[in-house]
Structure formats: structure tokens, C-alpha cells
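**Q** Pasted the sequence and its predicted model underneath.
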Amino acid sequence: MKKRDERSITSRFALKLAVLLIPFIIILGIYLHDDPFMVLKQYKEYNSTVVLDEDYVGWQIFVNNRNKIAFNSFIMGNSCTMAFQCHEWEKHLKAGKAIRLPGCAESIMSIYKKLAALDKLGAPINNILMIIDKTSLENCQLSLSHTGILPHTISGISKFKFQEMFCQSFFYPSFLIPYLDYKITHKYRPYMNGVINPYGRIRESDNNDAINPREKMIEEEGEKYWINREHEFQKKRDKNYRDGKYKEDFPVLYENQINILTKIKDILVRNNSSIKIIISPDYNQVSINKKDIEVLNNIFGENNVFDFTGINEYTNDIHNYYEKTHYRPILGEKLMNKIYK
């Protein structure tokens, strides 16, 4: 009788456990079936309704095309690389074939890791266009966010750990709820920002050039684009924001950062590479610290470092910007013409 009761208790427990696991199994099944982050297998085209990991996507596009396109020039840096089109940059290069390898809030460590991977592959590294800001220079750690993880072959983490990070991110309510909402209703809502891409194709499949849907909005709305989006250019609770007075950021380049930048320089020297570094013309008009510029000049040469921060003709014109953190290809072209003139 006692054994029968124990078996009954065990059976009820197993049944309850199975019931509790059903939602988990269903969600896991959706993840494995949908592969929302496009990391479970290789794809020919990396455009999705989900906001993807730019670090991973850029590298996969390079892997997909490197045997048919002789890439030898690389646009690297943070999301502001979207302002620099490969075909425009190639006009300034001698027999250059370019691809964009950006990252979300890219760190100099991530840039170094990508360069080291290219070097290890024996890929020609003739030209580097590095688009950075104070945050990029300050950050010398690799990201573990699902929007900024390097491929495991580059970062050195295990393949299991790499996949685990994406799978865990899928289960977070902040991702899962908007993902399932959009999957079921096919309607984009503002709270889905950062999870869902409602615009369709946002990158070229051969060189990863950005296709920004805001260009179409500007074309359709004209001057009203900036009038209707004043809130995207404002900075809350800062009376001194864009007040026309000179402001300089605190220095961010110290021993750790300098060591990484020196490693980047070593790879470039070994490959006889040309590098141009653009410090982005941020709309906030705060100048990067002069000591940081001095460090960059000492490592890469002052003819290769171009500081467009602070108050200038580029940051004064709101029409150069989509919002206060990203600028347009029309400004990217101006900057390239400036540094290659």
C-alpha cells in the first residue's frame, strides 16, 4: 500500500512537471523552428523582421562572399558606419573592394578581434576606414548582448556559449512578447522598437551597405521630417545642450585602451595597410578630449586621424542627421571627400 502511494505521488509530480514544461518546450520549439536571430544555420540573405546582431551578420556576409568578391578594404566601427557606403569609399581607393563590418556600440576590442581574424585568414587588408566615437574608444570589452556578440570563431568563446546567449535572449519577456505579438498580428507597435524591424530589407547582401528606411521618409516628408521629429533631437534635462559654447569630454584612453589600439596598429603595419580614422560628428557638439586625439595621433599618425566632433559646419546642420545619434550618407560622403582630398 505504501509503495503504491509513493508511485502515485511520483506520477502526480511527473505529470505536474510535464505540464509546467509544456510552455518551455513550445517556446523552445518556436525558437528552433524560426531561428529568429539567424544564427542556427548559414543564410544567403541576412534581412529579417528581427533586429539582428550586426557583428555576426557583417562577418557572415563576408564569409558568404569572400570567394567571389576580392574584399581588401573594410569599414569598421559603430552603427554610424551606416553613413558610409562602400561604393562611395571605393571611389577614393586604388583597386579597393570594400565591405562594411560594423557592430552595435562597437568597442575597440571588437574591432581588434575582427582585424586579427582577417589577418589569421590571410585576407588582404589594404584599407581600413574606422568610424568611432568616445564610447568606442573607452570600451575595451567584448559585448555579450545578443545584439553585439562576435561570432564564436572570432571571440574565442565556445560555440555552445555563443548559441546559449541567443537562446536565453529569446526567452526574455522583453524580446519574446513583442516577437510573438508581431508574429501573430503582423502589426508593428512602438514598444517593439529594438526587437522588430518593420522596414524589410535594410542591408545589401554582398557588401553589407546599410539601406536606411529613413531616407525614404525624408524623401516623402521633406522639411517636415525634422519638424515632426524635434523630440528625437532634444536632450532632456540639459540646459546647456547645443548652446553654442565649446565643451570637451573627459579623456578615455588609458593603458588598456592604448594596448588594444597598439595591437590594431601592429596588424596594420604587418599588412602594410592604410587606415583612416573618423571620430564622428555627433549632434551633441561635445568635442572629444584633446589628450585622446594626441594618443591616436601618436599611434596612427596625425594624417590618419580626423576629428569631426564639436561645433562645426557638419554638426550645425540638422539635415545631416536622422536623429541625434546617427548621421546620413550625404554627410558620410562629405567627410570622405574631406579626408581623401
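**A** Arrived safely.
**Q** Quick check: Ala83 touching Lys334?
**A** No: counting by C-beta atoms under 8 Å, Ala83 stays clear of Lys334, with 9.8 Å between them. C-beta here means a position set from N, CA and C on the backbone, and glycine is covered the same way.
**Q** Would you mind measuring from the residue nearest to Tyr56 when sequence neighbours are not counted to Ile318?
**A** Using C-beta to C-beta, 6 or more residues apart in numbering and skipping residues adjacent in sequence, the residue nearest Tyr56 is Pro151, 5.6 Å away. Per C-beta to C-beta, to the nearest Å, Pro151 is found 37 Å from Ile318.
**Q** And those two? Which one has more around it.
**A** Ranked by neighbour count (other C-beta atoms under 10 Å), Pro151 and Ile318 place Pro151 first, with 21 against 14.
**Q** Could you check how far the more buried one is from Glu221?
**A** 38 Å.
**Q** After the lowest-mean-pLDDT helix or strand in the chain, which helix or strand is next? Please name it.
**A** Lowest by mean pLDDT, DSSP states H and E among the helices and strands of the chain is helix 2-34, with a mean of 73. Downstream of helix 2-34, the first helix or strand assigned by DSSP states H and E is helix 54-65.
**Q** Return the alpha-carbon coordinates of that following helix using CSV.
**A** Presented in CSV, the C-alpha positions along helix 54-65 are these (Å, rounded to 0.1, in the frame of the first residue of the first chain):
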residue,chain,number,x,y,z
GLU,A,54,25.4,43.4,-36.6
ASP,A,55,28.7,41.9,-35.6
TYR,A,56,27.6,38.5,-36.6
VAL,A,57,25.7,39.4,-39.7
GLY,A,58,28.6,41.5,-41.2
TRP,A,59,31.0,38.7,-40.7
GLN,A,60,28.6,36.1,-42.2
ILE,A,61,28.2,38.3,-45.3
PHE,A,62,31.9,38.5,-45.6
VAL,A,63,32.2,34.7,-45.3
ASN,A,64,29.4,34.2,-47.9
ASN,A,65,31.1,36.4,-50.5
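**Q** who does it touch, helix- and strand-wise?
**A** strand 98-102, helix 108-121 (3 or more C-beta pairs under 8 Å, 6 or more residues apart in numbering; DSSP states H and E).
**Q** buried set for it?
**A** 54-62, 64-65 (16 or more other C-beta atoms under 10 Å).
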